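> Dropping the sequence and predicted coords here.
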Amino acid sequence: MGRLRRSRAHHARRDVHRASRTRVRGRDLDMIQLIDLDPKNRAALEAQALDFEKPGLAQHYCVECAKYCETDAALQAHWRSKVHKRRCKALKEPAYTIEEAERSAGLGREGKRPTPLAVASVPMDGMVS
Ligand SMILES: [Zn+2]
């Protein structure tokens, strides 16, 4: 018999699966990008008061990942980790806004959009000429 089990069955999708669980649901990327990464908010998040409910008394917080670390060493290790670097890369992309969603649905405010009739007629003219 051949190999029953495929190799490379794990795709390093741990973060995606974790993010989809509501039990550990963190802040969304656009919330971090538009609110938390603001220098004023960032300073407030990094200098939180002692909170006995949070890991590490809320003293070691990664703003990009919205994650509390137990110790400073853990936070330093987290900053060097793949999870954090991947997150930083994702945060560099522009956030998916409600404007973009409306634009893709044809509800944007960028001037007059052609009527459905005109849109249908354009490819026809292209075919003729
Ligand atoms: Zn991080």
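Thanks, I have the structure now.

> Secondary structure element holding Leu75?
helix 72-79 (DSSP states H and E).

> Could you give the average pLDDT over that helix?
Averaging pLDDT along helix 72-79 yields 93.

> Pull the residues that contact it.
56, 59-62, 65, 67, 69, 84 (Cβ atoms under 8 Å, 6 or more residues apart in numbering). Where C-beta positions appear, they are placed from N, C-alpha and C, glycine not excepted.

> All the helices of this protein, residue numbers only.
Using DSSP state H, the helices of the chain run over residues 14-19, 29-31, 39-46, 72-79, 82-92, 98-104, 116-128.

> quick one, the helix holding Leu75 and helix 82-92 angle?
Computed by axes from the mean of the first three to the mean of the last three Cα atoms, to 10 degrees, the angle separating helix 72-79 from helix 82-92 equals 60 degrees.

> contacting residues for the spatially most central residue of the chain?
Centroid check for the chain by Cα atoms, centre = their mean gives Leu29 as the closest residue, at 3.2 Å. Contact analysis of Leu29 by Cβ under 8 Å, 6+ apart lists 90-91, 95.

> Any of these buried? List them.
Among the contacts of Leu29, the ones that count as buried by 16 or more other Cβ atoms under 10 Å are Leu91.

> Residues of this protein that sit close to the ion?
62, 64-65, 84 (Cβ under 5 Å from the ion).

> ok so, going back, quick check, nearest of the contacts of Leu29 to Gly106?
The closest of the contacts of Leu29 to Gly106 turns out to be Ala95 (Cβ to Cβ; 20.8 Å).

> Pull up the per-residue confidence for the nearest residue to Ala90 once chain neighbours are set aside.
Nearest residue to Ala90 in three dimensions, chain neighbours excluded: Leu29, at 6.0 Å (Cβ to Cβ, 6 or more residues apart in numbering). Leu29 is assigned 83 on the pLDDT scale.

> before we move on, the earlier item: between the helices of the chain, which has the poorest average model confidence?
Among those, helix 116-128 scores lowest, at a mean of 52.

> burial count for Gln48?
14 (other Cβ atoms under 10 Å).

> Look up how far the ion lies from it.
For Gln48, the distance to the ion equals 16 Å [Cβ to the ion, to the nearest Å].
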